[in-house]
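Here's a sequence, model it:
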Amino acid sequence: MSKRLKVLFLASDCNPAWHSLPALIYEYYCALKPHADITLVTHIRNKEHIDAVKTEQDNIIYLDTELIARPFFRLAQFLARDPNKAMTLQVALSYPSNIYFEFCVWRRYKSALQSGKYDIVHRASPMSPTIPSPMASWSPIPFVIGPVLGGLPWPKVFRNEMRREGEWMNYLRKAHVLMPYYRSTYRRASAILAGYKHTVGDIPKKDHKRVIEFSEGGIHPEDFPEKKFKSSDKRTILFVGRMVPFKQPEVLIRCFEKSETLRKHHLILVGDGPELVRLRELVEELNLSSSIELTGSVSITRVREMMYESDIFAFPSIREQGGGVITMASMSSTPSVVVDYGGPATRVPEGCGIKVPLGDVGQIIDSFTKELEALVESPETIKKLGLAAREFTQNFYSWSWKATKTMEIYEWVLGRVSRKPDFWQKD
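Numbers count the residues shown, from 1 in each chain. Below is the predicted model:
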């Protein structure tokens, strides 16, 4: 039996109690634990929530870098003015604290790395491809980064939405290639896990030979029982997401305004954000309250229930880097209708849902209206697409699959196997 690999797993953002990426990274760490000896190095801010769920077998180190992290976080919040906006700015201002975090890691583990106590250094977060890792250069052993997620351009026809999102910093985004450690991160990395094709395109071309497409996020299949498809003539269409301009929840309201067929059914918009009040007023103004419901924020448990209760998941986001909520819908056998751009284009392959072309707002409304009208009239198609979506997602988005593929990548960078791993390759 081969010796278990010893991995130094760097994840400044790693928290089981937080939404989105920090929770995802914690799940990734937990998936890897049965396969290797993992030392998790994370930020002190995550200690309370990780300690509440960790086991005796966990080896977790907490680093306190608040001296640098706190003032830059406060500056980012002040300039953004809304935690849901100016994400490019918020990521950019996390640069100093992330560099300092890795400096503290190096100071603590330099001797252990140089003496061969670890086999791999894996930086799993931050996930932005614009935040470099000095550990890529400092580490004397193979270094893996990712999955990184980002690099999706704003569609030109949605520049107004970009401004409404407070994304003025997006005009300066390409300046990140000039920041210290950026080029060396990808030049020195033994493997680069990149979430999607648009992320691969954001990585220097000369380093693509070490890039492995590795979609972020995951599920535990046992958490998703088989769906019992209902026979009601009234369909439920569900949207779940932040109420912000680029998610385009208004598109679905306009579809119902446009279509008498859709108004016979039920649209539920779940989520909170700066657009919520305006959208509620719009529904009232258009006299659509009998067919459209805006719930605001609900618990993740309730979201999962609603996925099963719904017939169609409609997600007209025009700049979705990933789209984890689509994975939840797919595992509920609820097929998705999405814009064929960014993460949803990968998460909804042919035959597992409906993808409409990226266009301007009017074109997207027309496309969504047409596809939703067809689906509400065809329960057989809904079931067929839903079952196919579940099968695809179960195959490629289970945490066990992601852990298996990660271990293959570790073996590859250590030179123990010659064939470069392929995330989408089933043996």
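
Show me this protein divided up by domain.
With domains defined by automatic domain parsing, the chain comprises 6-218+398-413, 221-395.

Export the ones you listed to JSON lines and append columns for distance to residue 427 and mean neighbour count.
Using the backbone N, CA and C atoms, a C-beta is placed for each residue, glycine as well. Below are the domains of the chain laid out as JSON lines (distance: least, Cβ to Cβ, whole Å; neighbours: other Cβ atoms under 10 Å):
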{"stretch": "domain 6-218+398-413", "distance to residue 427": "10", "mean neighbour count": "19"}
{"stretch": "domain 221-395", "distance to residue 427": "12", "mean neighbour count": "19"}
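
Read off the pLDDT value for residue 236.
As predicted, residue 236 sits at a pLDDT of 97.

Okay, and the beta partners of it?
residue 266 (DSSP bridges).

residues contacting it?
Contacts for residue 236 (Cβ atoms under 8 Å, 6 or more residues apart in numbering) come out as 265-268, 309-312.

which one among those residues gets closest to residue 74?
Nearest to residue 74 among the contacts of residue 236 is residue 268, at 36.4 Å by Cβ to Cβ.

next structured bit after the helix or strand residue 192 falls within?
Taking DSSP states H and E as the criterion, residue 192 maps to strand 191-194. Next helix or strand after strand 191-194 toward the C-terminus (DSSP H and E): helix 197-200.

Return the list of strands paired to the helix or strand following that following helix, each annotated with direction.
Moving toward the C-terminus from helix 197-200, the first helix or strand encountered (DSSP H and E) is strand 211-213. If you go by DSSP bridges, strand 211-213 pairs up with strand 191-194 (parallel).

averaged over its residues, what pLDDT does the partner strand have?
So the average pLDDT for strand 191-194 ends up being 97.

Now tell me what touches that strand from outside.
129, 142, 144-148, 186, 200, 202-203, 207, 210-214, 409, 412-413.

so what's residue 105 closest to, chain neighbours aside?
residue 41 (5.6 Å; Cβ to Cβ, 6 or more residues apart in numbering).

Wait, a helix at the one you found?
No - going by DSSP: H, G, I helix; E, B strand; the rest coil, the assignment for residue 41 is strand, not a helix.

In contact with it, which residues are there?
Neighbouring residues of residue 41 by Cβ under 8 Å, 6+ apart: 8-11, 60-61, 63, 105, 108-109.

Kindly report the same for residue 136.
Taking Cβ under 8 Å, 6+ apart, one finds 123, 143, 145, 181, 184-189 in contact with residue 136.

which one of these sits closest to residue 351?
Closest to residue 351, out of all of those and judged by Cβ to Cβ, is residue 145, at 33.0 Å.

mind checking the SS state of that closest one?
The three-state label given to residue 145 by three-state DSSP is strand.

ok, it - contacts?
Residue 145 is in contact with 122-123, 133, 136, 185-186, 189, 191-193, counting by Cβ under 8 Å, 6+ apart.

May I have the predicted confidence score for it?
Confidence for residue 145, expressed as pLDDT, is 98.

what's across from it in the sheet?
Applying DSSP bridges to residue 145 gives these bridge partners: residue 123, residue 192.

Pass me the low-pLDDT residue ranges in this protein, would you?
Scanning the chain for pLDDT under 70 picks out 1-2.

Quick check, central residue of it?
Nearest to the geometric centre of the chain sits residue 322, at 4.2 Å (Cα atoms, centre = their mean).

Doesn't that one belong to a helix?
No - using three-state DSSP, the secondary structure at residue 322 is coil, not a helix.

got a list of what it touches?
Contacts of residue 322 by Cβ under 8 Å, 6+ apart are 149, 195-196, 215-217, 342-343, 347.

Quick check: the farthest pair among those?
Farthest-apart pair in the contacts of residue 322 is 217 and 342; separation 13.7 Å (Cβ to Cβ).

As a check, name the ranges of all helices in the stretch 101-250 of the chain.
Here the stretch 101-250 of the chain has its helices, by DSSP state H, counting those that start in this stretch, at 135-138, 159-164, 182-188, 197-200, 249-258.

re earlier: which one of the contacts of residue 236 sits closest to residue 94?
Nearest to residue 94 among those: residue 268, at 34.2 Å, using Cβ to Cβ.

And the contacts of the particular helix or strand that has the closest one in it?
Assigned by DSSP H and E, residue 268 falls within strand 266-270. Here strand 266-270 makes contact (Cβ under 8 Å, 6+ apart) with 234-241, 243, 249, 252-253, 256, 279, 291-298, 303, 306, 310, 314.
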